[in-house]
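Trainee: Let's see this in three dimensions:
(one chain, ligands or ions: 1)
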Amino acid sequence: MSSVTDNISFTCSRCGTVYEAQVYRLIDAASKPELRQKVTDGSLFLRECPSCGQRELIGGPVVYKDEHLLVCLSDRPLAVEGLDGLKGRLVGDVGSLIEKVKIFDSGLDDVPMELCKFVTRQEIGKDVNLKFLRLEGADHDIIFTYPESGAMQMLSVGFNVYEDCRGIVSRNPSMSAEGFARVDREWVEQFIR
Ligand SMILES: [Zn+2]
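Mentor: Here you go, the predicted structure:
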């Protein structure tokens, strides 16, 4: 497989210029570190107006694939045949797609990560939208970001919290995400009653 792109016409929301930009439909990032970098830093999902420089987000639908993952960003289920051992995930927005890639690139799994986010929300007593950013330092602290008061906040959580969540997941076979799964906050909360 190789990447598939389209040229799409956009209208700049600031100055009204109509311009064409390249949009990815299939991102095949397996053994393409520079393409993967553009996914994780978000630049692949930005278009820029040639007249005024206004940058805007490109949404879906798009399919991302690498050696671990097949992620579909789409508002309806896609028919994809066979995952060939890849993790299949459905996401509803670009930020969630980027987060999935970062989680698996860090050698982690999104099921215990969603549980870890649930535990962290309880711990800090805030109902916020946590996103995994990276592992940091020799102890592999987990760095989350979340929006609050119009700014992006960062939060560091000990790796032991993730390990505890991984233990819980391994003792609860019902918490497995088979086929194309939407593994998000709602998904993990159905197991916590
Ligand atoms: Zn413009």
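
Trainee: Now tell me what touches stretch 123-142 from outside.
Mentor: If you take Cβ atoms under 8 Å, 6 or more residues apart in numbering as the criterion, stretch 123-142 is touched by 95, 99, 102-103, 106, 108, 113, 116-117, 120-121, 143-148, 154-159, 161-162. (Each C-beta comes from the backbone N, C-alpha and C, glycine too.)

Trainee: all strands of this protein, in order?
Mentor: Assigned by DSSP state E, the strands in the chain fall at 4-11, 18-28, 46-48, 55-57, 62-65, 69-73, 87-91, 131-136, 141-148, 151-157, 180-181.

Trainee: Can you check which of the ones you listed gets nearest to Arg166?
Mentor: Set against Arg166 and scored by Cβ to Cβ, the strands of the chain come closest in strand 141-148, at 11.9 Å.

Trainee: Quick check: neighbours of that closest one in the sheet, parallel or antiparallel?
Mentor: Here strand 141-148 is paired, per DSSP bridges, with strand 131-136 (antiparallel), strand 151-157 (antiparallel).

Trainee: Now do His68, the pLDDT please.
Mentor: According to the prediction, His68 has pLDDT 89.

Trainee: Let me know whether it touches Phe104 as I believe.
Mentor: Yes: proximity of His68 to Phe104 meets the contact threshold set by Cβ atoms under 8 Å, at 4.4 Å.

Trainee: so who does the closest residue to Glu20 other than its chain neighbours touch?
Mentor: Leaving out its chain neighbours, the residue that sits closest to Glu20 by Cβ to Cβ, 6 or more residues apart in numbering is Asn7, at 4.9 Å. Asn7 makes contact with 20-23 under the criterion Cβ under 8 Å, 6+ apart.

Trainee: same check, this time on Ser31
Mentor: Glu67.

Trainee: which parts of stretch 66-75 are buried?
Mentor: The neighbour-count check on stretch 66-75 (16 or more other Cβ atoms under 10 Å) flags 66, 68-73 as buried.

Trainee: mind listing what's buried in the biggest helix by length in the chain?
Mentor: Counting residues, the longest helix in the chain under DSSP state H turns out to be helix 110-124. The neighbour-count check on helix 110-124 (16+ other Cβ under 10 Å) flags 110-121 as buried.

Trainee: Many thanks, we can stop here.
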